[in-house]
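Colleague: Only the shape, not the letters, is given here:
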């Protein structure tokens, strides 16, 4: 219940509600169980307070106030009377609620029992095969799901709220004041009659306070972006039924929220889309693996010329890659040594690493690592059977952010990437966002980036130098095939990652035109 709804109930109890306000109260009580509970509680308290006031007028004005407060029997007697009266009042309130709901049901207006209706459909609209009911313009809708495959659909709710869906999207209709977005993009206009209209997701409820706003939920990562066009919304963060955090978001602001209901970031300009910003990242190094020079030199084709050294070259073969040649790493003890450039890499407060891989070791495959002499400070990008992960050690604690995958098909090349910038890590496979976060999934430690690695001296492709203080050294490796590794000093945006996936061997340039 918000303050405006409480005032509405108060106006009714004080017998000063307007006809328009009464209609709104009827809709509220019909659609919101918590509002009905609040109505009953406020009405009971109101009658109890009135009873107390009547009783207090019967107390002698000459009585000692301190004596009255200290008299347990009198105090108990008054509140016992309130309790008895409250029980009787509760029955009366239930009758009032029933009458209000009956009046709403008998209004006989154009809506009947419908919750919403389809206002318009785009010419290219189509719905998924599991769409539960036929959909056409003008059709009335009760509770149920709209499963939009492509195109656009406009839904008008009985409350007056308008929701524009953009496919692909799965959208649930619950009550005249509540809807649910599983994934996809919706734009909402909630006029005064639909104030407090709710669009819920897996991780939050967006409660309108008289606004225009947009929500976009990623189908795989379930990361949500809420943008407020005008007015104000409240984000009720966390799963329904749990203790929630409420975050207000005003016009011109946008928030990114992960699948658990944790805010990743809030931006002050909703017109700036995080999916299309960050394009100022600059290429730092590009190893194509097309040749191995003398002494195992792996050339960097970028202008920085951060050439690397291949360790244990007898365990490596050059094979056909996604672009030119690729490394096939047949055994352990193989790594591309970047230690000479560790200090350069450690200057990156934000970065992107992009690579092509095939048949990675499903138990654990290290793609990139940067660390100090011990395990106390490091960052690493690695793959496992079911995840793409970015992990970091800061002092005694290791944490990571994960993006789930459905395994790795044999002999299939995959593009994997990690970006970190503005306190947010994002993980990709084949151009699709898998997961993101500002803190780790294990202990909730804030993310570390290369610039946070103290005394960085170890840097590798395909190896993690996991030096343990006083207990020898344990290494982790990459086995499989790897090609076209690129590092950028900055976090590439979604568009750039998709470009690198679609154009193997090419690099992203912020000022260039990419099709």
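Modeller: The structure has been received and is ready for your questions. Being a predicted model, the structure only gives us computed values, none of them experimental. Numbers count the residues shown, from 1 in each chain.
Colleague: same for the helix or strand hosting residue 21, what does it pack against?
Modeller: Assigned by DSSP states H and E, residue 21 falls within helix 19-31. On a contact count with 3 or more CB pairs under 8 Å, 6 or more residues apart in numbering; DSSP states H and E, helix 19-31 meets helix 3-13, helix 33-57, helix 72-105. Just so you know, the C-beta spots here come from the backbone N, C-alpha and C atoms, and that holds for glycine as well.
Colleague: Okay, now the sheet partners of the following helix or strand past the longest one, with direction.
Modeller: Yep, that's helix 72-105 we're talking about. Remark: after helix 72-105, the chain's next helix or strand is strand 116-121, criterion DSSP H and E. Strand 116-121 has these partner strands in its sheet, going by DSSP bridges: strand 140-141 (antiparallel), strand 152-157 (antiparallel).
Colleague: Of all these, which one is nearest residue 3?
Modeller: Closest of the strands paired with strand 116-121 to residue 3 is strand 152-157, at 22.8 Å (criterion: CB to CB).
Colleague: got the contact list for residue 498?
Modeller: Residues near residue 498 by CB atoms under 8 Å, 6 or more residues apart in numbering: residue 431.
Colleague: So it belongs to a helix, correct?
Modeller: Yes - counting by DSSP: H, G, I helix; E, B strand; the rest coil, residue 498 falls inside a helix.
Colleague: mind checking how far it is from residue 433?
Modeller: Applying CB to CB, to the nearest Å, the value for residue 498 to residue 433 is 10 Å.
Colleague: swap in residue 21?
Modeller: 45 Å.
Colleague: who's more crowded, the two?
Modeller: Counted by other CB atoms under 10 Å, residue 21 and residue 433 do not tie: residue 433 has more neighbours, with 21 against 14.
Colleague: what's the weakest-modelled helix or strand in the chain?
Modeller: helix 65-69 (a mean of 30; mean pLDDT, DSSP states H and E).
Colleague: List the buried residues of stretch 261-268.
Modeller: Neighbour counts using 16 or more other CB atoms under 10 Å place 261, 262, 263, 264, 267 of stretch 261-268 among the buried residues.
Colleague: Which of those sits closest to residue 337?
Modeller: Closest to residue 337, out of all of these and judged by CB to CB, is residue 264, at 34.4 Å.
Colleague: Verify the contact between the closest one and residue 225 for me.
Modeller: No - contact criterion CB atoms under 8 Å: residue 264 and residue 225 do not qualify, at 9.3 Å.
Colleague: Tell me how far the longest strand anywhere in the chain lies from the chain's centre.
Modeller: Ranked by residue count and defined by DSSP state E, the top strand of the chain is strand 162-175. Centre-to-centre, strand 162-175 and its host chain are 18 Å apart (CA atoms, centre = their mean, to the nearest Å).
Colleague: Tell me the strands beside it, with direction?
Modeller: strand 144-150 (antiparallel), strand 152-157 (antiparallel), strand 178-189 (antiparallel).
Colleague: Looking at these, which is nearest to residue 479?
Modeller: Nearest to residue 479, of all those, is strand 178-189, at 35.3 Å by CB to CB.
Colleague: Give me the buried positions along that closest one.
Modeller: Residues of strand 178-189 classed as buried: 178, 179, 180, 181, 182, 183, 184, 185, 186, 187, 188, 189 (neighbour count, 16+ other CB under 10 Å).
Colleague: do stretch 338-349 as well
Modeller: Buried residues in stretch 338-349 (16+ other CB under 10 Å): 338, 339, 341, 342, 344, 345, 346, 348, 349.
Colleague: Likewise for stretch 419-435?
Modeller: 419-421, 424-435.
Colleague: And the residues you listed, which is closest to residue 128?
Modeller: Closest approach to residue 128 among the buried residues of stretch 419-435 (CB to CB): residue 432, at 18.9 Å.
Colleague: Looks like the closest one contacts residue 220 (just checking).
Modeller: Yes - here residue 432 reaches residue 220: they are 6.1 Å apart, a contact under CB under 8 Å.
Colleague: where in this structure is pLDDT low?
Modeller: 1, 14-15, 19, 30-34, 36-37, 40-109, 239-243, 269-279, 466-475, 511-515 (pLDDT under 70).
Colleague: Let me see the domain layout of it.
Modeller: 3-105, 116-272, 282-502 (automatic domain parsing).
Colleague: Reformat these as CSV; add distance to residue 509.
Modeller: Below are the domains of the chain laid out as CSV (distance: least, CB to CB, whole Å):
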stretch, distance to residue 509
domain 3-105, 51
domain 116-272, 21
domain 282-502, 7
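Colleague: how about these, which one is nearest residue 510?
Modeller: When those are compared by CB to CB, domain 282-502 sits nearest residue 510, at 7.6 Å.
Colleague: what's the span of that closest one from first residue to last?
Modeller: This stretch, domain 282-502, spans 19 Å end to end (CA to CA, to the nearest Å).
Colleague: before we move on, what about stretch 479-495?
Modeller: Stretch 479-495: ends 29 Å apart by CA to CA.
Colleague: now stretch 380-395
Modeller: Across stretch 380-395, first to last residue, CA to CA, it's 15 Å.
Colleague: Just the buried positions in it, please.
Modeller: Buried residues in stretch 380-395, defined by neighbour count with 16+ other CB under 10 Å: 380-384, 387-394.
Colleague: who are the neighbours in contact with residue 508?
Modeller: Contact partners of residue 508, counting by CB under 8 Å, 6+ apart, are 281, 283, 488, 492, 496, 499, 500, 514.
Colleague: okay, the residues you listed in TSV with neighbour count and distance to residue 293 next?
Modeller: Putting the contacts of residue 508 into TSV (neighbours: other CB atoms under 10 Å; distance: CB to CB, whole Å) gives the following:
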residue	neighbour count	distance to residue 293
281	22	28
283	21	21
488	29	24
492	29	29
496	26	30
499	19	29
500	25	25
514	15	31
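Colleague: Of these, just say which sits nearest to residue 317.
Modeller: Residue 317 lies nearest to residue 500 out of the contacts of residue 508, by CB to CB, at 24.8 Å.
Colleague: how close does the closest residue to residue 24 other than its chain neighbours sit to residue 208?
Modeller: Distance criterion CB to CB, 6 or more residues apart in numbering; nearest residue to residue 24, sequence neighbours excluded, is residue 8 at 6.4 Å. Distance from residue 8 to residue 208, counting by CB to CB: 16 Å.
Colleague: Likewise for residue 499?
Modeller: Counting by CB to CB, the gap from residue 499 to residue 208 is 36 Å.
Colleague: same deal with residue 382?
Modeller: Residue 382 sits 42 Å away from residue 208, going by CB to CB.
Colleague: who's in contact with residue 305?
Modeller: So residue 305 contacts residue 299 (CB under 8 Å, 6+ apart).
Colleague: re the thing from before, nearest to residue 110 among the buried residues of stretch 338-349?
Modeller: Once CB to CB is applied, the member of those that ends up nearest residue 110 is residue 349, at 58.4 Å.
Colleague: Is that closest one within a helix or a strand, and which one?
Modeller: Short version: residue 349 belongs to no helix or strand, going by DSSP H and E.
Colleague: I'd like the distance between it and residue 448.
Modeller: 11 Å.
Colleague: How about residue 121?
Modeller: In terms of CB to CB, residue 121 sits 48 Å off from residue 448.
Colleague: for residue 477, same thing?
Modeller: Shown here: residue 477 relative to residue 448, a distance of 22 Å by CB to CB.
Colleague: same deal with residue 321?
Modeller: Where residue 448 is concerned, residue 321 sits at a distance of 31 Å (CB to CB).
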